[in-house]
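# Below: sequence and its predicted model.
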Amino acid sequence: MTVAVPAEDPFPSVAPAPPFDVLRSRSPRTPLIFSSPHAGRLYPADMMAASRLDASEIRRSEDAHVDHLIEGGRALGVALLICRVGRAYVDVNRDPWELDPGMFSDAVPRHARSSSARVAAGLGSVPRVVGDGKSIYARKLRFHEAEARLAAIHGPYHAALEKLMRQARRKFGVAVLVDWHSMPSAATRAEARKGRPRPDIVLGDRHGSACSPVLTELVRQELERMGYVVALNRPYAGGYTTQAHGRPNEGLHALQVELDRALYLDEATLGLTAGFVRLQSDLQSLFGVLTSQDWLQRLGQ
């Protein structure tokens with residue numbers, strides 16, 4: 001398949017419905033599903049009105065262009081779920097009630113008061129900061145604003161993903177989800193400072209609980225064969241998506257893939273580098289291997 005470099009994306013815009021796209025063929029040929037929760041570039045008006053950041057600053061949280069890197073999977077029969085709304089507005093790869101009570105001017109129900117490390121860092125389901133640590137908002141939010149975002153985007157996104165997983169398992173006997181992300185190069189440099197190999201790609205299967213090791217090892221072997229340095233579960237073991245949808249004992253397998261942004265992106269400008277074409281081509285080769293598998297047989301369902 002010929003790879004293509006996408007046109008430059010506009011800066012944030014007011015987000016129309018729908019907040020995500022489900023892209024699939026009428027007659028699926030594979031149980032594979034690709035999701036991209038963090039590449040969204042749309043920012044609703046209520047967020048922009050409350051933000052202290054300008055258009056370029058607010059995009060620091062995006063897994064920029066990951067949707068373009070994986071879109072070739074559709075031609076091979078893979079179902080795609082692409083979140084179009086920026087993760088700075090609502091992060092669909094977090095538990096929905098992973099919220100920071102300090103962000104709100106009114107009382108927060110007990111079930112929505114989280115003390116997780118992600119919340120402490122300002123990166124809950126409604127983030128307080130963007131990727132480089134700058135505070136997003138010029139005012140405190142009202143709790144109903146967070147509730148509305150979660151109801152409009154987070155809940156429907158995961159309902160759509162659960163539906164895709166169930167449909168794949170019903171048709172093929174198994175569902176195989178790959179959740180695609182990109183990671184700041186600073187995270188990979190931090191691994192090197194700890195005396196570990198600096199990874200190009202990190203696979204997260206929640207330490208074996210989210211998918212069969214057959215899936216993890218196949219992806220790792222193929223990527224290493226292409227020359228990439230691959231790490232497993234460090235520094236990213238998988239987020240809410242792999243936790244919620246990866247249930248191997250039910251025939252539902254989920255693997256998270258983190259790509260070093262330095263492989264394809266100028267992290268300062270979010271512009272594509274020459275590495276984009278190579279990475280997209282390599283991933284397309286990986287997709288070919290994945291879609292050629294008899295997953296029911298390989299996963300032993």
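Okay, I see it.

# got any ranges where the stretch 151-300 of the chain has weak pLDDT?
Of all residues in the stretch 151-300 of the chain, none has pLDDT under 70.

# now do 80
300 (pLDDT under 80).

# How about the host helix or strand of T242, which residues are buried there?
In this structure, T242 sits in helix 240-245 according to DSSP states H and E. For helix 240-245, burial by neighbour count (16 or more other CB atoms under 10 Å) applies to 240-245. Any C-beta I mention is one placed from the backbone N, CA and C, and that applies to glycine too.

# do the same with stretch 127-139
Buried positions in stretch 127-139, judged by neighbour count with 16+ other CB under 10 Å: 127-131, 136-137.

# Just the closest of those to R225, please.
Of all the buried residues of stretch 127-139, G131 has the smallest distance to R225: 31.1 Å, by CB to CB.

# Give the full set of residues in contact with that closest one.
Going by CB atoms under 8 Å, 6 or more residues apart in numbering, G131 touches 60-62, 184.

# Would you mind measuring from it to L272?
G131 is 18 Å from L272, where distance means CB to CB, to the nearest Å.

# got it, and W97?
For W97, the distance to L272 (CB to CB) stands at 36 Å.

# what's the answer for G102, then?
According to CB to CB, G102 and L272 sit 37 Å apart.

# out of these two, which sits in the more crowded spot?
Ranked by neighbour count (other CB atoms under 10 Å), G102 and L272 place L272 first, with 20 against 11.

# For that one, list each beta-bridge partner.
L265 (DSSP bridges).

# what about the strands in the stretch 101-250 of the chain?
In the stretch 101-250 of the chain, the segments counted as strands under DSSP state E, counting those that start in this stretch are 175-183, 201-204, 230-232.

# which one of those lies closest to R84?
Of those, nearest to R84 by CB to CB is strand 175-183, at 14.7 Å.

# So which elements touch that closest one?
Counting contacts by 3 or more CB pairs under 8 Å, 6 or more residues apart in numbering; DSSP states H and E, strand 175-183 is packed against strand 32-36, helix 66-70, helix 155-172, helix 240-245, strand 252-260.

# can I get the ones you listed in TSV with distance to G227?
As requested, those are exported to TSV (distance: least, CB to CB, whole Å):
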stretch	distance to G227
strand 32-36	22
helix 66-70	17
helix 155-172	31
helix 240-245	26
strand 252-260	13
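
# To R113, which of the ones you listed lies closest?
Among the helices and strands packed on strand 175-183, helix 240-245 comes nearest to R113, with 17.3 Å by CB to CB.

# what packs against that closest one?
helix 155-172, strand 175-183, strand 252-260.

# pull the CA atoms of that helix into PDB?
Listed next in PDB are the C-alpha coordinates belonging to helix 240-245 (Å, rounded to 0.1, in the frame of the first residue of the first chain):
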ATOM      1  CA  TYR A 240      -8.000   2.600  31.200                       C
ATOM      2  CA  THR A 241      -8.800   1.300  27.700                       C
ATOM      3  CA  THR A 242      -6.600  -1.800  28.100                       C
ATOM      4  CA  GLN A 243      -7.900  -2.300  31.600                       C
ATOM      5  CA  ALA A 244     -11.500  -2.000  30.800                       C
ATOM      6  CA  HIS A 245     -11.600  -3.900  27.500                       C
END
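
# outside of that helix, which residues touch it?
With contact meaning CB under 8 Å, 6+ apart, helix 240-245 is reached by 35, 37, 92-95, 98, 158, 161-162, 165, 177, 179, 204-206, 210-211, 252, 254-256.

# Off-centre distance for that helix?
Here helix 240-245 is found 11 Å from its chain centre; the criterion is CA atoms, centre = their mean, to the nearest Å.

# burial count for the closest residue to S125 other than its chain neighbours?
Computed as CB to CB, 6 or more residues apart in numbering, the closest residue to S125 that is not its neighbour in sequence is R94, at 4.0 Å. By the criterion of other CB under 10 Å, R94 has 25 neighbours.

# residues contacting R94?
118, 123-125, 239-240.

# Would it be right to say that it lies in a strand?
No. Using DSSP: H, G, I helix; E, B strand; the rest coil, the assignment for R94 is coil, not a strand.

# Now the phi/psi pair for it, please.
Here is the backbone geometry of R94 (degrees, to the nearest 10): phi -130, psi 160.

# now it: how far from V129?
The spacing between R94 and V129, counted by CB to CB, is 14 Å.

# Equivalent analysis for S25, please.
Taken as CB to CB, the span from S25 to V129 is 39 Å.
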